[in-house]
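> Sequence plus the predicted model coming up.
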4 protein chains.
Amino acid sequence: MESIPSIFLSERVSKLLPRYQQFVQEHLKPLEQGAIYGSFKAHLPALHELRRKAKLEGLFAPHLSVKEGGIGLSLLEFASISEVLGQSPIGHFVFNCQAPDIGNMELLHRFASEDLKVKYLHPLQKGEIRSCFAMTEPEHAGSNPIHLSTRAELDGDEYVINGHKWFTSSADGAYFTIVMAVTDPDNTNPYQRASMILVPLDNPGYRLIRNIPIMGDVGEDYLSHGEVEFKDCRVHKSYLIGEAGSGFALAQERLGPGRIHHCMRWIGICERVLELTCKRAATRELNPNHVLADQQSIQHGIAESAAEIKASRLMVLQTAYLIEKYGAKAAKEDISTIKFYVSNVLMRVIDKAIQVHGALGITDDTLLSFWYRHERGAKIYDGPDEVHKTVLAKRIIQSYAAR
Amino acid sequence: MESIPSIFLSERVSKLLPRYQQFVQEHLKPLEQGAIYGSFKAHLPALHELRRKAKLEGLFAPHLSVKEGGIGLSLLEFASISEVLGQSPIGHFVFNCQAPDIGNMELLHRFASEDLKVKYLHPLQKGEIRSCFAMTEPEHAGSNPIHLSTRAELDGDEYVINGHKWFTSSADGAYFTIVMAVTDPDNTNPYQRASMILVPLDNPGYRLIRNIPIMGDVGEDYLSHGEVEFKDCRVHKSYLIGEAGSGFALAQERLGPGRIHHCMRWIGICERVLELTCKRAATRELNPNHVLADQQSIQHGIAESAAEIKASRLMVLQTAYLIEKYGAKAAKEDISTIKFYVSNVLMRVIDKAIQVHGALGITDDTLLSFWYRHERGAKIYDGPDEVHKTVLAKRIIQSYAAR
Amino acid sequence: MESIPSIFLSERVSKLLPRYQQFVQEHLKPLEQGAIYGSFKAHLPALHELRRKAKLEGLFAPHLSVKEGGIGLSLLEFASISEVLGQSPIGHFVFNCQAPDIGNMELLHRFASEDLKVKYLHPLQKGEIRSCFAMTEPEHAGSNPIHLSTRAELDGDEYVINGHKWFTSSADGAYFTIVMAVTDPDNTNPYQRASMILVPLDNPGYRLIRNIPIMGDVGEDYLSHGEVEFKDCRVHKSYLIGEAGSGFALAQERLGPGRIHHCMRWIGICERVLELTCKRAATRELNPNHVLADQQSIQHGIAESAAEIKASRLMVLQTAYLIEKYGAKAAKEDISTIKFYVSNVLMRVIDKAIQVHGALGITDDTLLSFWYRHERGAKIYDGPDEVHKTVLAKRIIQSYAAR
Amino acid sequence: MESIPSIFLSERVSKLLPRYQQFVQEHLKPLEQGAIYGSFKAHLPALHELRRKAKLEGLFAPHLSVKEGGIGLSLLEFASISEVLGQSPIGHFVFNCQAPDIGNMELLHRFASEDLKVKYLHPLQKGEIRSCFAMTEPEHAGSNPIHLSTRAELDGDEYVINGHKWFTSSADGAYFTIVMAVTDPDNTNPYQRASMILVPLDNPGYRLIRNIPIMGDVGEDYLSHGEVEFKDCRVHKSYLIGEAGSGFALAQERLGPGRIHHCMRWIGICERVLELTCKRAATRELNPNHVLADQQSIQHGIAESAAEIKASRLMVLQTAYLIEKYGAKAAKEDISTIKFYVSNVLMRVIDKAIQVHGALGITDDTLLSFWYRHERGAKIYDGPDEVHKTVLAKRIIQSYAAR
């Protein structure tokens, strides 16, 4: 964290930050390596105990309104808290603001029927259940989201869903998913062909084929990425989220704040990684008279990381500010920008940290290995860098050409 | 410029910006290439005519108080104006807020005697005279400012200055210089050995040896970099700026806001360069069906430049905000950061623009050649990148080690 | 592989290459993913079957003399074969030229007693046993090899070894190790303090503490990295390799050709990764009319990778040629250069391949995940990049300063 | 130069190299800065005196056969000489192997009539006249050479040429040009529409509009880049080079060896720049106890430059070897590769050198400014990097897809 408060920091958040920092320090750091390198499932009781503690301290679910059990922070306010939570790989989970659940909460809050809210949103907000989001298909490039094969056909009062998805993150152990499926394949507007439908996962038409092994980890429960199948999977038509054909519009709504959440989590990781780097550099002896921190190449790496982290933070906070003040549409260029800028900073910061740690850096004895492996996806999911850069550039070129 | 206003933009500046933008568009763009590629001296009458116009429109010297003939902007407010002026290589000059004069104005305003103010500061503020700043010596690495050979010895009421300086920018045609000279060589604190002294340039002990040819340009008048000599150069001791031995302290004071000024000017250059890039890309045909802007490599270059410019702007504005609110000392890390971060962005943005322009990019038919050549120094002057990175890293490592 | 033969390719190797390529294609590719992502131990029977096949075809152990059961290739000749084998993660293992065994074979061949050769070298050359090499200590920076705590004290006819090592690669299942231990701690020349000693691993004073989890894999057997302990571990003094105090000299001897082996293996990986990239790009549809390979950003990434792979190959082959013709000492600059140049190329090529593969790239469904994780160490082991760059630079600066 | 001979160095060249090196040291270095920063014209007598000296020493025109007044080196042999000459900006000129004349010599040697050879080639080979090459047009992107507006229409026995060209390098003072003009605009094969025609520059239909100011230099004589006009410019049809419609085929022939020449010259520049860097670093004091060369960031920059220069040299020499042995067509991928790889190395090496030189680096007091400015075009002329990368990638992808 910055040592002096930026223009983006409200007084309220200034007071909350040290409380979250202390919680991370006291309760999360002792548990985190066990949970991510060991069995996540085995750590669930301890993690749920921490959730209770967070509730008691009035820190749980900072993104939800007080009525919903949270503390009612704005997007911009939550961003700074998110940076603190991101410093531990179990931070967001403990405070029940982890992806994909936080996105699903937003979707259901805004677009689901009262019935669905009662059955699915409320227990989700309380942290009693988990959910997942089934969009990506192995057969189609994620960079072109309109190419989907999964179909949902109305048969009487029911949608009949057939399709094959993967990277349905956290499917293992989830209570329900929201699935993106084509409901109107012949619509002349390709962006109005798909819809989002909630599917409870005890549905016999649904199957978790496997937890996909990702970068050496099969994973389990929350820390997993499912390959799943819908085979004549029937749900009542009232399980539609929003209107039929609104799938892409809702996905866009989901992505705006989702981008802020991801980016601030990444910045939190960067901060923690920089801390690990500095501490290692300051204490690792090269010889009795010198430590790594005396090496200019290491100093410069640290300075460059610090600069890029600072730049990232300001851009993401500014984007949150713009979304709040002018709406996500007005901030579209900023939203594209932070996705590819911050994900690249993240990978560079982690990579430099590994180099400073030497042999230790490639072991699972520190958090670096986890992040090096599991955040490589940051440049890929929610649209690869290449797509965001092209989208951004076209808008910029157009704006200049128009002058 | 950003299309939607950032959190840093005051209402007052929001109203001023379009007026400056229009001035640049109408009055500076038609003149700029002639002034920088032709004879700067020959363009002085036209430039002074523009200064008169700027005064008439109430836009002159935005950094000065109203009483001093300016419009009293704060550091943060001036920063955004500075970005607009930076879009033309003659922008700051016309509005009399160009380096090194703006730094000298600040120094004299705060530390000079009333007498010096009347004789030198007031005409400088009005744009009637120009000044320069003699610090760097060819015999000593600029990255270590305490190594200076220039001496100023008190002889009765006079300082007798002997020394050899270069990169005394804009010395040609200047009315006075401020020279950094060692006055107390035996002080145990090496940072208290030097002082700043004002020297009128008609002094017989001063000589402009040459305008140093820089990147193909000998330059002249304001657009020049002098190699100068002080030989038994005598000035009355009242020409001391501040106290004896305070040279480095004053240089530090000068550098803080100076960094903001430089960085915002560089960001202005980046903006203009990005505009040139986009316009070229949007219109240059590769074949009858495609323009350069259709090429993904060019799109990505533009997106990356835009992201880095955005990051730069936010960091510099945030730094200006911190200096205003907490003082330059508290913002020291930020001040180091922007120096090396923004100068590198600048060079990358210019280099990519040249590539997009193809053969045209290396000619003097656009502004790119001027900036490619004359801003290469940005990574060197006011301390090379390497020094700033090391300074920053040491502070960061220390702060983590202390936790 | 290059489509037209380079100047470095002998006729003999030209004829051998297609045979190795076919072996890799037919026998290794079907097995490789199972062996590295599944249980390596469970695949040992199949791997040993392949070794028998390689022997039958006269391709086994290409680096050994015919008398020793190999085919007697020179260092330069073996390099090109090594590139082919490197294309499969089990290539070198099957042909019994894998690190660390190949290095140990060289050491024992040149410096061990006849008795040790009979007991340890010969079965090692035949592939009947495996070995490991215990040098790195967790308490000391690997970049400064003279700092070792492991001691071997003579007690009568026996060395008594005490120490703690890690990254004793492939210790799990190995028959013996060569350990680097300080035998003469007071020698004024720090490079003459240590010796290499062979230790059979059934020695009660030796303990494999754990297979260190590396980048998500605990590993087993050959694919493991041991943390080991020597506690009053006694071996007869005849188990000394070379002379007492020659540890560093031998380590240097070991590193020269070892560098060639590693680098050519890395280049093999690069080739395979580029092949995967191109095939993915050529077939992955973005939409019905376009594949990934039509994207300019992907084309440019492929071109840059190809250029860097070509540069790497030429530099490594040229280094092998120089070692053969002028000796390792004369080629010292080249040996330093290839270490840091090729390891960085390797990481860039892999990283770009992952990006092209999108979500698939971060799964364990391709080889990319294995190499992304397990080759990150390439920039660290055998001396981190930073050390090699400094060593090289000092020699270059000296050579110019002397002119 | 490498301190130990590479595999590419023939015995003959090994003996020649020190003689060229000494010539450069003794005769070119004292003259070079004057010639490039002062008036090139004024230095012509001295340069021609050096040509006479080179002839006397049997070193002149190493690329020409002995019969033609040269020493009959092969492409590969000449490459290593070219690296030595490239270390001085006047090297190739003095030895009469400078672009564009060397390319024109090759063209005329292979494709011109006896009559043209006597009138133009022979005096060109002797260094009595200079020539230029008019291909690029300001109205068309150089990256797509088939778009040309310049027309040559047969009218009786004469071609009537009309068109507008720029970057007709060295036009100022040249005796003739070879112009690329469309002679068959309706040919269905766009690559067979243009022809090359020799035009003596005293032709009244030809006009040198201006020497284009490039990166701050208007230039003159050999060191210039002309914008030229052909207006009803009539030449006899026997001035056609090769066959009508063969323009692009000849341009391709011209480019293959031309690429080797350019690249080796760039590598020579790199070598010289690295030498300047090392000497500066070894002698510039940061303080009484340290020089720049003690800084790790400078060491690493030098090591990286050295590695990239080594890689460049091997790739270019290997390409020359392949062209000689298998023909330019077989080496097409290599020829594309070296163009973009080496030009980027060149720019990085120069940029780092400037940073090491600090303020001195941006002055015209060293050669760095000249090369920083005038070699920026290396990434643009003969096809921008972007085009070469795409061409190379398409071939690579195709070759893998075909396997």
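Received the coordinates, thanks.
> Now do the contacts for residue A:265.
Listed by C-beta atoms under 8 Å, 6 or more residues apart in numbering or on different chains, the contact partners of residue A:265 are A:82, A:83, A:85, A:86, A:91, A:92. For every residue, glycine as well, the C-beta is placed using N, CA and C.
> Quick one: mean pLDDT over whichever strand or helix holds the first one.
Pointing back at residue A:82 there. Residue A:82 is part of helix A:75-86 when elements are defined by DSSP states H and E. The average of the pLDDT scores along helix A:75-86 is 97.
> and if you look at stretch A:334-354?
97.
> how far away is the residue lying closest to residue A:376 once chain neighbours are set aside from residue C:373?
Of all residues not flanking residue A:376 in the chain, residue C:362 sits nearest, at 5.5 Å (C-beta to C-beta, 6 or more residues apart in numbering or on different chains). Separation of residue C:362 from residue C:373 (C-beta to C-beta, to the nearest Å) stands at 11 Å.
> Settle it for me: which of these two has more neighbours?
Each of residue C:362 and residue C:373 has its neighbours counted (other C-beta atoms under 10 Å in any protein chain shown); residue C:362 has more, 29 against 22.
> who touches the more buried one in this structure?
A:214, A:215, A:376, A:377, A:380, C:354, C:369.
> Of those, which is the nearest to chain B?
Nearest to chain B among those is residue A:380, at 16.1 Å by C-beta to the nearest C-beta.
> neighbours around the closest residue to the closest one other than its chain neighbours, how many?
Of all residues not flanking residue A:380 in the chain, residue C:358 sits nearest, at 5.6 Å (C-beta to C-beta, 6+ apart). If you count neighbours by other C-beta under 10 Å, residue C:358 ends up with 23.
> quick revisit: send the alpha carbons of whichever helix or strand comes after the helix holding residue A:82 over as PDB?
Downstream of helix A:75-86, the first helix or strand assigned by DSSP H and E is helix A:91-94. Extracted in PDB, the C-alpha atoms of helix A:91-94 (Å, rounded to 0.1, in the frame of the first residue of the first chain):
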ATOM      1  CA  GLY A  91      -8.600 -13.200   1.100                       C
ATOM      2  CA  HIS A  92     -11.600 -12.800  -1.100                       C
ATOM      3  CA  PHE A  93     -13.000 -16.200  -0.300                       C
ATOM      4  CA  VAL A  94     -13.000 -15.500   3.400                       C
END
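> what sits up against helix A:91-94?
A:24, A:27-28, A:47, A:50-51, A:54, A:82, A:84-86, A:98-99, A:102, A:222, A:265, A:268.
> Which parts of the stretch 251-400 of chain A are strands?
A:285-287, A:290-291 (DSSP state E, counting those that start in this stretch).
> Spell out which parts of the stretch 201-350 of chain A neighbour chain D.
Residues of the stretch 201-350 of chain A found near chain D (C-beta under 8 Å from any C-beta of the partner chain) are A:295, A:296, A:297, A:300.
> Would you check how far apart the residue nearest to residue A:376 and residue D:192 are?
For residue C:362 relative to residue D:192 (C-beta to C-beta), the value is 49 Å.
> how about low-confidence regions in chain A?
Applying pLDDT under 70 to chain A flags residues A:1-3, A:143, A:403.
> give me the number of residues near the closest residue to chain D within the stretch 1-150 of chain A?
The minimum distance from the stretch 1-150 of chain A to chain D, using C-beta to the nearest C-beta, falls at residue A:141 (16.8 Å). Counted with other C-beta under 10 Å, residues neighbouring residue A:141 total 20.
> Now do the contacts for the nearest residue to it once chain neighbours are set aside.
Closest residue in space to residue A:141, ignoring its immediate chain neighbours: residue C:286 at 5.3 Å, by C-beta to C-beta, 6+ apart. Residue C:286 makes contact with A:141, A:143, A:144, C:292, C:294, C:295 under the criterion C-beta under 8 Å, 6+ apart.
> again with residue A:13
Counting by C-beta under 8 Å, 6+ apart, residue A:13 has contacts A:73, A:77, A:80, A:81.
> that's a strand at it, yeah?
No: assessed with DSSP: H, G, I helix; E, B strand; the rest coil, residue A:13 is helix; it does not lie in a strand.
> Quick check: it vs chain B, distance?
Per C-beta to the nearest C-beta, to the nearest Å, residue A:13 is found 15 Å from chain B.
> mind listing what the residue of chain A found nearest chain C touches?
With C-beta to the nearest C-beta, the shortest gap between chain A and chain C falls at residue A:216, namely 2.8 Å. Contact analysis of residue A:216 by C-beta under 8 Å, 6+ apart lists A:373, C:215, C:216, C:217, C:364, C:369, C:373.
> Just read off the phi/psi values of it.
phi 90, psi -10 (degrees, to the nearest 10).
> those helices in the stretch 301-403 of chain A, which residues are they?
Secondary structure of the stretch 301-403 of chain A by DSSP state H, counting those that start in this stretch: the helices cover A:332-357, A:359-362, A:368-374, A:385-401.
> Pick out the residue in the stretch 301-403 of chain A sitting closest to chain D.
For the stretch 301-403 of chain A, C-beta to the nearest C-beta, closest residue to chain D: residue A:301, 10.4 Å.
> show me what contacts the residue lying closest to residue A:112 once chain neighbours are set aside?
In space, and not counting its chain neighbours, residue A:112 is closest to residue A:241: 5.7 Å by C-beta to C-beta, 6+ apart. Shown in contact with residue A:241 (C-beta under 8 Å, 6+ apart): A:107, A:108, A:111, A:112, A:116, A:178, A:195, A:196, A:197, A:198, A:250.
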